[in-house]
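Asker: quick one, fold the following:
(one chain, ligands or ions: 2)
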Amino acid sequence: MIAYHNNFDDTWRPVGKALSETLTHRVLVTDINIVTPSRCNPTRPPSADGIDLRPRTSSISYLHSLLANDDQTNVILSNAHGIPVLDFGRFLDGSSKQEVADAMLSSFKDIGFVHLVNHGLSQEKIDEMFNWSKRFFAQPMELKQLAPHPPSGKHHRGYSAPGVEKVSQHVYDAAEVLKLRQEAPDMKESFECGHDASEVMPNIWLPDDMLPGFKEACLDFFWACHEIELTILRALALGLKLPEDYLVKYHTAQDNQLRLLHYPSVSAEQLERDEISRINAHSDFGSITLLVQDDVGGLEVEDPRNPGQFKSAPPVAGAIVVNAGDFLMRWSNDMIRSTIHRVRAPPGAASNNGIIPDRYSIPYFCSADFPIVVECLPGTYSAERPRKYEPIWRSNMF
Ligand SMILES: O=C(O)CCC(=O)C(=O)O
Ligand SMILES: [Fe+2]
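Answerer: Ligands and ions are numbered 1, 2, ... in the order given. I've put the predicted structure just below:
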């Protein structure tokens, strides 16, 4: 689970311990404190702007997955290193809704990850956001520091410089985290924002006259991702044989987090020798994460059947990656996996003069509303598969 730690204060400890002891969930500890915000007021209504529902052709070869059952074969376009590539357009246009829903759920149960093509997020919007991200990170450090991520990390907003954040799993001791960071700093910088009306977690922007247009682009992309989130949650509900709006009803506060990530160019050797890392192994905290990435690669996903073994998950043309987070895993009575992943050297990197190019990615972390009691989802437990978790207030979880 991604959490952000600088200090290990009393707010964090009981939560972290409760999680590790009772949920057997992985807890990711970085250098900034965990955030347990209360519900944000819903802000402007989600806009349909930029959502392109037309199916697009892609360069992906149309292989049928061995994982699929007969009904799912027409929506599974290929199997990319163990992660199915689904034609989400068949859900959006209504032609194979149940099949897409079933295939997505199978994938979440099996590996916790899925690639979606024809997802409805326009390529123009994605390209535009990457351009803004590059422009932002290309600014001088003094300027980026004008939107500083708070050192105490009480909320995930603003800019964090390379090496400041360190991601790890099950490390609760401050000295140990410091040691990890010194041994192998995470060589990435990030900018994080949410929606602009949050009272509990206000955004931290650059001063108005710096990089005009950046803020608007981030917010626009935030809402575009939110639209995709809702359709994915609808598909997932259908896969779980629940009413289509079942999960959406628990995601009304739009308490999500858009994160621009830049991994500066580094030496392949240093990365491979673990002298530096891009992002350490971790699982995400929320319901689902949507990820768009450039074509550099390096994302690796743990093989659920061989803990500790990671498989490369290279980018798939035109696809967004969607993975389940710790919250969804618990909510589904562990039926759905929140799988550990990391970013390392892409395959074959050493042959490229030993230098790994800059990498840009944009995760969008989706969270359920805070003031709800979380019980295992209907259909995820039975006499043979009893509930593993007692009901709990969402705000007491992460
Ligand atoms: O950069 C990536 O591809 C992955 C980022 C990630 O896993 C995260 O920020 O949680
Ligand atoms: Fe992640």
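
Asker: can you tell me the helix or strand for the most centrally placed residue in the chain?
Answerer: Using C-alpha atoms, centre = their mean, the residue of the chain that lies closest to the mean C-alpha position is Thr289, 3.0 Å off. Using DSSP states H and E, Thr289 maps to strand 288-293.

Asker: need the contact partners of stretch 286-293.
Answerer: By C-beta atoms under 8 Å, 6 or more residues apart in numbering, the surrounding residues in contact with stretch 286-293 are 121, 126, 129-130, 225, 228-229, 232-233, 236, 247, 251, 256, 299, 315, 320-328, 331, 359-368, 398. Every residue, glycine included, has its C-beta placed from N, CA and C.

Asker: report the entries of those that also contact ligand 1.
Answerer: Near ligand 1, judged by C-beta under 6 Å from any ligand atom, the entries from these are 299, 361, 363.

Asker: and those residues, which is closest to ligand 1?
Answerer: Ser361 (3.5 Å; C-beta to the nearest ligand atom).

Asker: what score does the closest one have for pLDDT?
Answerer: What the model reports as pLDDT for Ser361 is 98.

Asker: per-residue confidence for the closest residue to it other than its chain neighbours?
Answerer: Leaving aside its chain neighbours, Ser361 sits nearest to Gln293 (4.1 Å; criterion: C-beta to C-beta, 6 or more residues apart in numbering). On pLDDT, Gln293 comes in at 97.

Asker: again with Gly120
Answerer: 97.

Asker: shouldn't it be in contact with Arg90?
Answerer: No. Using C-beta atoms under 8 Å, Gly120 is not in contact with Arg90, being 11.9 Å away.

Asker: these two - which one has more neighbours?
Answerer: More crowded of Gly120 and Arg90, by other C-beta atoms under 10 Å: Gly120, with 23 against 19.

Asker: give me phi/psi at that one?
Answerer: phi 100, psi -10 (degrees, to the nearest 10).

Asker: now it: how far from ligand 1?
Answerer: Gly120 sits 21 Å away from ligand 1, taking C-beta to the nearest ligand atom, to the nearest Å as the criterion.

Asker: starting at the chain centroid, how far to the longest helix seen in the chain?
Answerer: Using DSSP state H, we find that the single longest helix of the chain is helix 214-239. From the chain centre to the centre of helix 214-239 is a distance of 12 Å (C-alpha atoms, centre = their mean, to the nearest Å).

Asker: same check on stretch 261-280?
Answerer: Relative to its parent chain, stretch 261-280 has a centroid offset of 20 Å by C-alpha atoms, centre = their mean.

Asker: distance between the ends of that stretch?
Answerer: Terminal residues of stretch 261-280 are spaced 14 Å apart (C-alpha to C-alpha, to the nearest Å).

Asker: how about that stretch, does it reach ligand 1?
Answerer: Yes. Applying C-beta under 6 Å from any ligand atom, one finds stretch 261-280 touching ligand 1 at 261, 279.

Asker: pull out the buried residues from that stretch.
Answerer: Of all the residues in stretch 261-280, those buried under the rule 16 or more other C-beta atoms under 10 Å are 261-263, 266-268, 270-271, 276-280.

Asker: of those residues, which belong to strands?
Answerer: Taking DSSP state E, the ones among the buried residues of stretch 261-280 that sit in strands are 261-263, 266-267, 279-280.

Asker: export those residues to TSV and tack on distance to Val164 and pLDDT?
Answerer: What follows is these, written out as TSV (distance: C-beta to C-beta, whole Å; pLDDT from 0 to 100):
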residue	distance to Val164	pLDDT
Leu261	13	98
His262	13	98
Tyr263	14	96
Val266	16	90
Ser267	20	89
Ile279	13	94
Asn280	14	91
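
Asker: pick the one among those residues closest to Ser95.
Answerer: Nearest to Ser95 among those, counting by C-beta to C-beta, is Leu261 at 34.8 Å.

Asker: hey, what's that closest one bridged with?
Answerer: For Leu261, the beta-bridge partners are Ser190, Ser361 (DSSP bridges).

Asker: that one touches Ser361, doesn't it?
Answerer: Yes. Leu261 lies in contact with Ser361 (C-beta under 8 Å); the separation is 4.8 Å.

Asker: what sits against Asn203?
Answerer: Counting by C-beta under 8 Å, 6+ apart, Asn203 has contacts 157-158, 193-194, 196, 215.

Asker: A strand includes it, no?
Answerer: No. Assessed with DSSP: H, G, I helix; E, B strand; the rest coil, Asn203 is coil; it does not lie in a strand.

Asker: could I get the pLDDT score of it?
Answerer: 96.

Asker: what's the nearest residue to it if we skip its chain neighbours?
Answerer: Cys193 (4.8 Å).

Asker: residues in contact with the one you found?
Answerer: Contacts of Cys193 by C-beta under 8 Å, 6+ apart are 157-158, 203-205, 218-219, 222, 257-258.

Asker: so how far is ligand 1 from the closest residue to Glu302 other than its chain neighbours?
Answerer: Nearest non-adjacent residue to Glu302, counting by C-beta to C-beta, 6+ apart: Ile340, 4.2 Å away. Using C-beta to the nearest ligand atom, we find Ile340 at a distance of 10 Å from ligand 1.

Asker: against Leu116, how distant is Ile340?
Answerer: Going from Ile340 to Leu116 by C-beta to C-beta, to the nearest Å gives 21 Å.

Asker: more neighbours: the two, which one.
Answerer: Set side by side, Ile340 and Leu116 show more neighbours around Leu116, with 28 against 22, by other C-beta under 10 Å.

Asker: and for Asp127, the neighbour number?
Answerer: There are 11 residues near Asp127, going by other C-beta under 10 Å.
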